[in-house]
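S.K.: for reference, the sequence and a predicted model appear below.
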Amino acid sequence: MKTRHVITILLSIVAIHLNAATNPCRMVKAETERLPNLNTPRFSHSAFYVGGEVVVVGGHTSDFVPTQTAEYFSDGKWHQVNTVYTHDNGFAWIQKSGQVMIAGGHEQPMGIGQTFGVECYDPATHSFRGFGCLNKKRARATATALADGHVIISGNWYADDAVEVFDGTKHFSFVKEVSTPRTYPLMFRYAADDVLIVGAMDDKGCPIDTIVVDRLKGESLHVPLFDTWRPYTMHNECDPMRPAFIGNEDKGKYAYLFPVQNSKGQVAIARVRGTEFDLLPTDGKLPMEGKGGKIEWLTYPVADTLSQRFYLTGCDKDYRLYVARIDYSQSPAPVTIYYTGPKFLSARTRPVLTEEGDLIFAGGIYDDHFEPHATAYVVHIGERGRFSETASWWCWTLCILAILAVMAIIIIVIRLQRRRKSIPTAETSAPSDAETGKKLLEKIDEIVKNEQLFLNPDLKLNDIAVRVGTNSRYISDCINAMKGCSFSQYLNTFRIEHAKQLMLASPDEKVVNLYVKSGFANERTFFRVFKATTGLSPKEWITSKTGR
């Protein structure tokens, strides 16, 4: 009874502390790093991460004049190249080939008109080439891709809207009319060949009274969630609002997160699974007040599917950046708010997620569209990010949990010792664990390496267990004990070595081919693991080996 009483008291203390720790307004000071300035101040540009580099394309520069340039960040600096056309409030889509389609935008300075122009960015050569013409002049449009590589496009600004499709080669063609014209519509692919299209602003940036969800195929849908919550949109955006994908396309699981707002101005996170819309359960509301007064949340959502975190950025009147981190794999999802100091000039710019899980912000506006700036920052919130101030609550939580765990272990050991006194000692000893583990690891190595099973990105513990003739728990424990790493890390060692051999054999091999041929599920995981293993990016590593 005494033991139970002690545990009850400790659990009560932990529960009280954890309840305080789940304060929805907990704020964490973010670690930021200033990067070299862009070569050209810009806003309303597209920004993305491809080929292991952050790339910004188009937008407008000083005096609200569209710029016919792009920049990529490499070797610690921004490199500027010319584009074929200007793309001020255009849109970009990264294709399966690793190349990027950039299209549309304003025809004249000051955000006037629309354009037909379409071009392609090749990250391997850092070059652009024009290759097509939109079916309809567009600015402030949105794109998404079907399973066959066709790209669906919708949305416009002060012009007719409709749905069109890019066939993946050169041709753009009309598909269907929309139920209502939209600016920056949200597009959700929910099947291999179908897409949902919804938005809260019409072609002039005015609120749409009744929210209707169009489908690429079939009739429009009514979504009950939109009776009380509307897709959160803003008049002055620098890039199309793209919902954050959190599903698994290979398994046909389509899921997304995006911000919504109710009539009281409260912002929340909505979730889409297939054609079902609901609110993501969180442990607290997104705060609408921060260190510098009201927080204006922006519609630039980002999802890190590796760490299963969703990020939404915002700023206050002092241009202090806020980043809401939502760990969406948990229910309810914990909410943590990172913040910077005032005058974070890139606060109103779409962030780009790096392979380290950090966010890069480049360009933006401070006062108005006529004076964009060239500043660039990294906000370290990934694996190596550090924080201070109110983060101390988590340290205390860990300490209390550690104490509780130690006490539980002591109690278990005492009880086991009491039981052993009444059990006769065995006269024969069990086989050596080390010897057994060594033999099992040899079998695992032989199968994984000789048959190159590591090249399968979907390889599971159970797949190996079946081949070896044991269970997945033994496989996991063996690798952990003998190699000191997880099953995933164990496979990645083979994958990285295989990638190195491919790179040495073909130094000019494109990264998009490398990660697929090496067994990685996506490009960002490949970059992260490669850099963590070698200390260098793939490009830096092959240069060190070949001098090229």
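M.R.: Arrived safely.
S.K.: in the stretch 351-500 of the chain, where is pLDDT below threshold?
M.R.: Within the stretch 351-500 of the chain, the ranges that satisfy pLDDT under 70 run 383-399, 413, 415-433.
S.K.: quick one: the helices in it, in order.
M.R.: Under the criterion DSSP state H, counting those that start in this stretch, the stretch 351-500 of the chain contains helices at 392-420, 433-450, 461-468, 472-483, 487-505.
S.K.: quick one, what contacts Ile269?
M.R.: The contact partners of Ile269, by CB atoms under 8 Å, 6 or more residues apart in numbering, come to Leu257, Phe258, Pro259, Val260, Leu279, Leu280, Thr282, Leu286, Phe310, Leu312, Ile326, Ala333. Glycine gets a C-beta too; all of them are placed from N, C-alpha and C.
S.K.: what's near enough to touch the residue nearest to Asn471 when sequence neighbours are not counted?
M.R.: Excluding the flanking residues, the one nearest Asn471 by CB to CB, 6 or more residues apart in numbering is Ala465, at 5.3 Å. Neighbour list for Ala465: Asn471, Ser472, Tyr474, Ile475 [criterion: CB under 8 Å, 6+ apart].
S.K.: give me that answer again for 7 Å
M.R.: Asn471, Ser472, Ile475 (CB atoms under 7 Å, 6 or more residues apart in numbering).
S.K.: is there a neighbour count for the last one? I'd like the number.
M.R.: Counted with other CB atoms under 10 Å, residues neighbouring Ile475 total 25.
S.K.: now stretch 535-542: average pLDDT?
M.R.: Stretch 535-542 carries an average pLDDT of 87.
S.K.: buried ones in that stretch?
M.R.: Ser537, Pro538, Lys539, Glu540, Trp541, Ile542 (16 or more other CB atoms under 10 Å).
S.K.: I'd say the first one and Phe526 touch.
M.R.: It stands for Ser537. No: shown here, Ser537 and Phe526 do not form a contact pair, counting by CB atoms under 7 Å, at 10.4 Å.
S.K.: mind putting the helices of the stretch 351-500 of the chain into TSV with distance to Val165?
M.R.: Listed next are the helices of the stretch 351-500 of the chain as TSV, based on distance: least, CB to CB, whole Å:
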stretch	distance to Val165
helix 392-420	48
helix 433-450	42
helix 461-468	38
helix 472-483	44
helix 487-505	35
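S.K.: so which of the ones you listed gets nearest Phe131?
M.R.: Closest approach to Phe131 among those is made by helix 487-505 (29.2 Å; CB to CB).
S.K.: in its sheet, what does the strand ranked longest in the chain sit against?
M.R.: Ranked by number of residues, the top strand in the chain under DSSP state E is strand 127-138. Paired neighbours of strand 127-138 in the sheet (DSSP bridges): strand 115-122 (antiparallel).
S.K.: where does Phe188 land on pLDDT?
M.R.: 96.
S.K.: if you could redo that for Gln261, that was the one I meant.
M.R.: Reported pLDDT for Gln261: 94.
S.K.: list phi and psi for it.
M.R.: phi -140, psi 140 (degrees, to the nearest 10).
S.K.: name the SS class of Asn156, please.
M.R.: For Asn156, the assignment made with DSSP: H, G, I helix; E, B strand; the rest coil gives coil.
S.K.: so which strand or helix has Ala143?
M.R.: strand 142-145 (DSSP states H and E).
S.K.: can I get that strand in CSV, CA atoms only?
M.R.: The C-alpha coordinates for strand 142-145 follow below in CSV (Å, rounded to 0.1, in the frame of the first residue of the first chain):
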residue,chain,number,x,y,z
THR,A,142,-2.7,27.4,-58.0
ALA,A,143,-1.5,24.1,-59.4
THR,A,144,-1.4,20.4,-58.3
ALA,A,145,-0.5,17.2,-60.0
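S.K.: how close does Glu219 get to Thr275?
M.R.: Distance, Glu219 to Thr275, by CB to CB, to the nearest Å: 12 Å.
S.K.: so between these two, which is more surrounded?
M.R.: Neighbour count, other CB under 10 Å: between Glu219 and Thr275, Thr275 has more, with 15 against 7.
S.K.: check what pLDDT the more buried one gets.
M.R.: 94.
S.K.: how about it, nearest residue that isn't a chain neighbour?
M.R.: Tyr190 (5.6 Å).
S.K.: pretty sure the one you found sits against Gly274.
M.R.: Yes: Tyr190 lies in contact with Gly274 (CB under 7 Å); the separation is 5.1 Å.
S.K.: which neighbours do these two share?
M.R.: Joint contacts of Tyr190 and Gly274 (CB under 7 Å, 6+ apart) are Tyr254.
S.K.: got a list of contacts for the longest strand of the chain?
M.R.: For strand 127-138, using CB under 7 Å, 6+ apart, the contacting residues are 81, 83-85, 103-104, 114-121, 155-156, 159-160, 162, 164, 170, 172-174.
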